[in-house]
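In: What follows is a predicted structure for the sequence shown.
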Amino acid sequence: MPSHKSVHILIVKIAAIGDVVMALPLLLAIRKKYKHAHISWLCGSQVAPLIRATQLVDEIIEINEKVLLAGSFGSKLLHLLKIWQRLGLRRFDFVFNLHRDFRYHLLTMFSLCKHRRRWGKVGSHCCPRPGRYHAEESLYLLNEIEESSSQGCRSNEERRQGSVVVEFPAVYAPLHRKVSFLVQRKPLIVIAPGGAKNVLSDDSLRRWPVGSYAQLIQELINRDMAVVVIGAESDRWVLPFLPQKGFYNCIGQLDLIDLVALLENSSLLITHDSGPMHLAKLARCLTIGLFGPTNPLEKTTVNEKIHVIWGGENLSCRPCYNGKTYAPCRNNACLSGISPDCVLQAALRLL
């Protein structure tokens, strides 16, 4: 039964977009378990509007993730002092730190807290556990998921079936004028060929080759389908590789809330393991997710509207991402082995 005790909870999840989306089910679980909880969230400025749009957080503490993660030593220290000034000696019943790197613990080291739970070593487990959906693992910190020892021996296929139905909160995403004209044509296919990039790294090995995206877009255009290409301002590098006409270019024009609104009114999203794939979960948008070096079992379950295509089935090195680094790779064989026709046929079946 939900508790009527008022508790103060702090969630620490700075970035990136996909990781923050997979942490959002924790909000619903907290609200269910602690009806009168006061929830604070320490996050980067990029994802703050997305968290705010859930309308489930009482306090959002924004930080400049670019300064904190990639600034000079002096600027990092100054920003850390500001965070300590904001959080120092504040009392929390729980602090949930959804980062594996112990350095994130420094952000709340002067906060007074009864229970601190963070990714890394949790009891006899390492959290998040390899091959486990990260959204489930965030709930594990709240003890919403109880697993018997036998479940730890499940096969990959059994894990793929999902032991828990992860519930994502609704996001208030109004359809603004700059998006509304796009949703008039059906089917509307959204393509996100960039992404997989954050303040600390450019995970190019996660991307399906841009040339493959170009072939796919041209095939969709030839079938008289409406195609919208999305991405951040930093994704403009893909444009010279894409067809010169026939699609709507929205790269650098939409913020996160606009993207959710667009996806809510779209027929299908096609992208690799990146932020837009996770935003589609909030929009309940049908998605084709292209995977290679990362394990789709950690990013989605069959309970979601994501059709996974995992390339490199016969490669012994797949998956090669350990949560921080990738194995040395020159040709990205796992993703480059997924043909545009394979993705096109999957899209046609789903539509």
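Out: Perfect, thanks for sending it.
In: On the three-state scheme, I189 is what?
Out: Under DSSP: H, G, I helix; E, B strand; the rest coil, the three-state class of I189 is strand.
In: Where does the prediction get shaky in the stretch 151-300 of the chain?
Out: Applying pLDDT under 70 to the stretch 151-300 of the chain flags the ranges 151-165, 196-202.
In: can you pull out the helices in the stretch 251-351 of the chain?
Out: 256-264, 275-283, 333-336, 340-350 (DSSP state H, counting those that start in this stretch).
In: Let's test this: mean pLDDT of the last one, rounded?
Out: In this case it means helix 340-350. Mean per-residue pLDDT for helix 340-350: 96.
In: that older thread, just say which of the helices of the stretch 251-351 of the chain is most tucked in.
Out: Among the helices of the stretch 251-351 of the chain, helix 275-283 has the highest mean neighbour count (mean count of other C-beta atoms under 10 Å), at a mean of 26. (C-beta placed from N, C-alpha, C; glycine too.)
In: Can you name every helix or strand that it contacts?
Out: Other helices and strands packing on helix 275-283, by 3 or more C-beta pairs under 8 Å, 6 or more residues apart in numbering; DSSP states H and E, are helix 17-23, strand 188-192, helix 256-264, strand 268-272, strand 287-291, strand 306-310.
In: Between those, which one is closest to Y133.
Out: Nearest of the helices and strands packed on helix 275-283 to Y133, taken as C-beta to C-beta: helix 17-23 at 7.8 Å.
In: that older thread, for the helices and strands packed on helix 275-283, which one ends up most surrounded?
Out: Greatest burial across the helices and strands packed on helix 275-283, using mean count of other C-beta under 10 Å, falls to strand 268-272, with a mean of 27.
In: Output the helices and strands packed on helix 275-283 in TSV; the columns should cover distance to I61.
Out: Listed next are the helices and strands packed on helix 275-283 as TSV, based on distance: least, C-beta to C-beta, whole Å:
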stretch	distance to I61
helix 17-23	14
strand 188-192	29
helix 256-264	18
strand 268-272	30
strand 287-291	31
strand 306-310	31
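In: With distance to Y213 as added columns, please give the helices of the stretch 251-351 of the chain in a markdown table.
Out: Formatted as a markdown table, the helices of the stretch 251-351 of the chain follow (distance: least, C-beta to C-beta, whole Å):
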| stretch | distance to Y213 |
| --- | --- |
| helix 256-264 | 17 |
| helix 275-283 | 13 |
| helix 333-336 | 11 |
| helix 340-350 | 8 |
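In: nearest to L50, of these?
Out: Among the helices of the stretch 251-351 of the chain, the nearest to L50 by C-beta to C-beta is helix 256-264 (4.9 Å).
In: how far out from the middle of the chain is the closest one?
Out: Chain-centre distance of helix 256-264: 14 Å, with C-alpha atoms, centre = their mean, to the nearest Å.
In: Also stretch 228-247?
Out: From the chain centre to the centre of stretch 228-247 is a distance of 21 Å (C-alpha atoms, centre = their mean).
In: Mind listing residues that contact that stretch?
Out: If you take C-beta atoms under 8 Å, 6 or more residues apart in numbering as the criterion, stretch 228-247 is touched by 182, 188-195, 197, 210-211, 213-214, 217-218, 221, 227, 248-252, 254, 259, 262, 266, 276.
In: Show me how to select, in PyMOL, the buried members of those.
Out: To isolate the buried ones among the contacts of stretch 228-247 in PyMOL, judged by 16 or more other C-beta atoms under 10 Å, type:
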select buried, resi 182+188+189+190+191+192+193+194+195+197+213+214+217+218+221+227+250+251+254+259+262+266+276
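In: With respect to P293, which of the helices of the stretch 251-351 of the chain lies nearest?
Out: Of all the helices of the stretch 251-351 of the chain, it is helix 333-336 that lies closest to P293, at 6.1 Å by C-beta to C-beta.
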